[in-house]
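> below: sequence and its predicted model.
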Amino acid sequence: MSDTTLDTAPGLPADRVTPALFGLAIFTSASLVFVVQPMVTKLVLPMLGGSPSVWNTSMVFFQTALLAGYGYAHGLQRIGSIKLQVGIHLALLLLAGLFLPLHINEWLGDPDPSAPIGWLLGTLALSVGAPFAVLSATAPLLQAWYARVRAGYPDGSNPYVLYAASNLGSFLALLSYPIVIEPLTTLSGQRFGWTGGYVAFMLMVVLLAFVVWRRRLDTTSEPAPLERSAPMSWMDRGILILLAAAPSSLMLGVTTHLSTDVASAPFLWVIPLALYLLTFVIAFQNRPWIPLPITLVVQAAVGAVCVLIVAFRSANWGMAFGVHLTAFFFTTLMCHQLLAARRPAPDRLTEFYLLMSLGGVVGGAFTALIAPTVFNMVWEYPLVLVLVGLARPWGKGPIGRAEIIALVVAGLVALSPVLLSVWLNANDGPRGGFYEMFPGGIGQVAMVMLIPAAICAFLIRDRALVFTAVLLMIAASAQWIARGYDWSYSERSFFGVMRVANVPDPQMGGDVHVMMHGTTLHGAQARNELNECAPTLYYNTATPIGQSALMVQARGPARIGVVGQGSGAMAAYKRAQDRMTFFEIDPMVDRLARDPQWFSYISTCAEGPIDTVLGDARLTLNRQVPGTYDLLIIDAFSSDAVPTHLLTREAIEGYLRLLKPHGVVLLHLSNRNLDITLPAIAAARSLGRRHLHQLYLEGVGQPEMAVASTEAVIISPTPEGLADFAADSRWKAPMETSVRPWSDDYVNLFGALWRSHFPPPERPY
């Protein structure tokens, strides 16, 4: 709004209050809309295990609700009387207020883990759909009213600059949630605080109603409807939808790609969404901070580099993050600036926002709902990254000789690493002498070989069709190579992409199958008969998990429960006299763990049958008979997408309820980015239960997949339950901590992130 001229037009009274009030109301509504998204998603996470797909699917719901709100705003503009429009909107705001304070209702029961998307969308619609849709209609409505109320003023001719205020409010609210709101307030406090903000916003709309009515008294008539402009063609509408769909798809695609193939990190979803909103702020300014010509040049360069590296994993994850987020930002900014350049006259403002919202739903639905069922990998991200090149300038006249030469050269360059990989497979195999010369493997070499093709793409950046063709060749070559060398099998479900890689390890007798969720390992198994049934990584007999299993089994027949199945390595501990049950949320993981082609812990190593209960552990454990388990292992935290609801005071109390008097619960707390140990210790202490801690560090010179450093806390309902653990010097009583225990009403992930990088004195490293 800083670029908007507020000077008084000749013959009209000076008025700087009205623009400020409209801007404040739009800023407030946008803040409420974007604060509610992480808050409501957090409310629903305990039912779906904390998967990043919950966020992506929730985003599709919010985009759809936004479309409904924009459709309502567009329909309301057909009413000629602005006073009647204000009255209707106020009435709907009051009706939607009946759903407050926000909560997740249980009308649809528990989710089905094999088909959770319908349950999630339906539950969100029934719980928060009405207030969100009505509130989201505010931005286009207020801009349309502003254009009529300010008719005759210079700023009234361009109400679109208020969209910058809307997205600035969204941007600031989004960033404040993980850094300020979540650490300082409980979930109940957030819900009631949001309700207070909703009431304050309704009072602002009442004030705006007085502004509208005052304008009517001042002019003896209601603000006249704006003069109708020529309707947009269907082609123009289609282009607007596509320009809005691409950034929406890329926002979810880059989030999924980074968390799957680069390095999962807390609050990762915040960064792409914040950048997405920031591009709206820039694009709809009168004088953008970054002009479109500069955007086009930078997007061509960084977009070509991003397409080149997207298929490969980089040891320098910081550089990879930088490239992907920069490419996403400038590609999104390019699309939104092209959108802003095509915005129609103010009388068609609500139609413009309706089409833009429809594009957001199309892009989001493609990435979050369609792609996971069609693709076995995150193919949608590089696909859209390539196709968005068609939005660039197409140039004038026929394609020249220089463009044709660049296209041919790029094609030959893109083909060369493919031919190299074929030759390697035919001669010395994928792990032969070539890998001794280049430890990074053919992926490293292929990236270098494809650089000339990326340069060719940049040189023909003003020919959209040729530019896109070159990017497509680069992407196809890179994806073909990566697919053959990084993993043997890949499958995708709502909960993520699971791969099985084959890692030769002579120290373990040959091939080792590794289950991977992005950069996180979920288990490994040696495939030779000698070491096949030896539990590996976190489940090795030397780790806290292995120790706990052996100690409990030494007491006699054991009833063991394991939350988090992975490759099924814990099944290697199953004796004939024991009973073991896995609690796993993803049916795909259970299927892979039971397929002897990939892993045979369950099918071959276990003595007797192994049960698997599908669903979120908090829900399924609540149905178990109290007092039945000797050992309960909560092993859902080794991934960086932490299901925090499994670490709350109430959750731990529930685990203890399932134990026999001398039983123990082990919390596996290994994590690369978050300190989740101190909240767990604080929760155990608040419950008055004795607990011990161990940090096991793997030794030097051991096989890579044999054992992994492991951190765990063990808790028992009685002192006797920990007697043999206390006698083991590897288990120690942790120091006192001032960290607040997590509860179902309070979780502080930002504090956990801070402590991970700046450990406090009581941190038991």
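Looks like it arrived, so ask away. Residues are numbered from 1 along each chain as shown.
> any regions of the stretch 251-400 of the chain where pLDDT drops low?
The model of the stretch 251-400 of the chain has pLDDT under 70 over residues 260-267, 313-317.
> same thing but at 90, please
252-274, 277-278, 280-289, 305, 307-323, 343-354, 367-380, 394-400 (pLDDT under 90).
> can you give me the strands for it?
Per DSSP state E, counting those that start in this stretch, the stretch 251-400 of the chain carries no strands over any range.
> for the chain, same thing?
Using DSSP state E, the strands of the chain run over 489-493, 496-505, 510-517, 520-526, 559-563, 579-584, 611-614, 629-634, 659-668, 691-696, 710-715.
> now the fifth one: mean pLDDT?
The average pLDDT within strand 559-563 is 95.
> with the third one instead?
Per-residue pLDDT values across strand 510-517 average out to 86.
> what helices or strands is that strand leaning on?
The contact analysis (3 or more Cβ pairs under 8 Å, 6 or more residues apart in numbering; DSSP states H and E) places strand 510-517 against strand 496-505, strand 520-526, helix 587-593. Every C-beta, even on glycine, is put in place using the N, C-alpha and C of the backbone.
> go with 6 Å
Where contact means 3 or more Cβ pairs under 6 Å, 6 or more residues apart in numbering; DSSP states H and E, strand 510-517 is packed against strand 496-505, strand 520-526.
> buried residues in stretch 673-692?
Residues of stretch 673-692 classed as buried under the neighbour-count rule (16 or more other Cβ atoms under 10 Å) are 673-685, 687, 689-692.
> quick check: longest helix in this protein by residues?
helix 187-219 (DSSP state H).
> ok, and for it, which residues are buried?
Across helix 187-219, burial judged by 16+ other Cβ under 10 Å covers 187, 190-191, 193-195, 197-198, 201-202, 204-205, 208-209, 211-212, 215-216.
> what are the bridge partners for residue 631, then?
Beta-bridge pairing for residue 631 (DSSP bridges): residue 560, residue 664.
> verify the contact between it and residue 562 for me.
No - using Cβ atoms under 6 Å, residue 631 is not in contact with residue 562; the gap is 8.7 Å.
> more neighbours, these two?
More crowded of residue 631 and residue 562, by other Cβ atoms under 10 Å: residue 562, with 30 against 27.
> against residue 330, how distant is that one?
From residue 562 across to residue 330, the span is 46 Å (Cβ to Cβ, to the nearest Å).
> residue 30 now?
23 Å.
> residue 360 is in contact with residue 241, correct?
No - Residue 241 is beyond contact range of residue 360, at 9.2 Å (criterion: Cβ under 6 Å).
> neighbour count winner among the two?
Legend: neighbour count by other Cβ under 10 Å for residue 241 and residue 360, higher for residue 360 (26 against 20).
> any idea how far residue 375 lies from residue 312?
Distance from residue 375 to residue 312, counting by Cβ to Cβ: 18 Å.
> so which of those two has more stuff around it?
Neighbours were counted for residue 375 and for residue 312 using other Cβ under 10 Å; residue 312 has more, 22 against 15.
> distance of the more buried one from residue 382?
Applying Cβ to Cβ, the value for residue 312 to residue 382 is 11 Å.
> same thing with residue 33?
Taken as Cβ to Cβ, the span from residue 33 to residue 382 is 31 Å.
> quick check: closest non-adjacent residue to residue 645.
Excluding the flanking residues, the one nearest residue 645 by Cβ to Cβ, 6 or more residues apart in numbering is residue 46, at 3.8 Å.
> burial count for that neighbour?
20.
> beta partners for the residue lying closest to residue 372 once chain neighbours are set aside?
Spatial nearest neighbour of residue 372, excluding adjacent residues (Cβ to Cβ, 6+ apart): residue 492 at 5.6 Å. Counting by DSSP bridges, residue 492 forms beta bridges with residue 497.
> count of residues packed around residue 492?
For residue 492, the neighbour count with other Cβ under 10 Å is 21.
> hmm, residue 374 and it touching each other?
No - using Cβ under 6 Å, residue 492 is not in contact with residue 374; the gap is 9.2 Å.
> what's the weakest-modelled helix or strand in the chain?
The helix or strand with the lowest mean pLDDT-type score in the chain, counting by mean pLDDT, DSSP states H and E, is helix 433-437 (a mean of 39).
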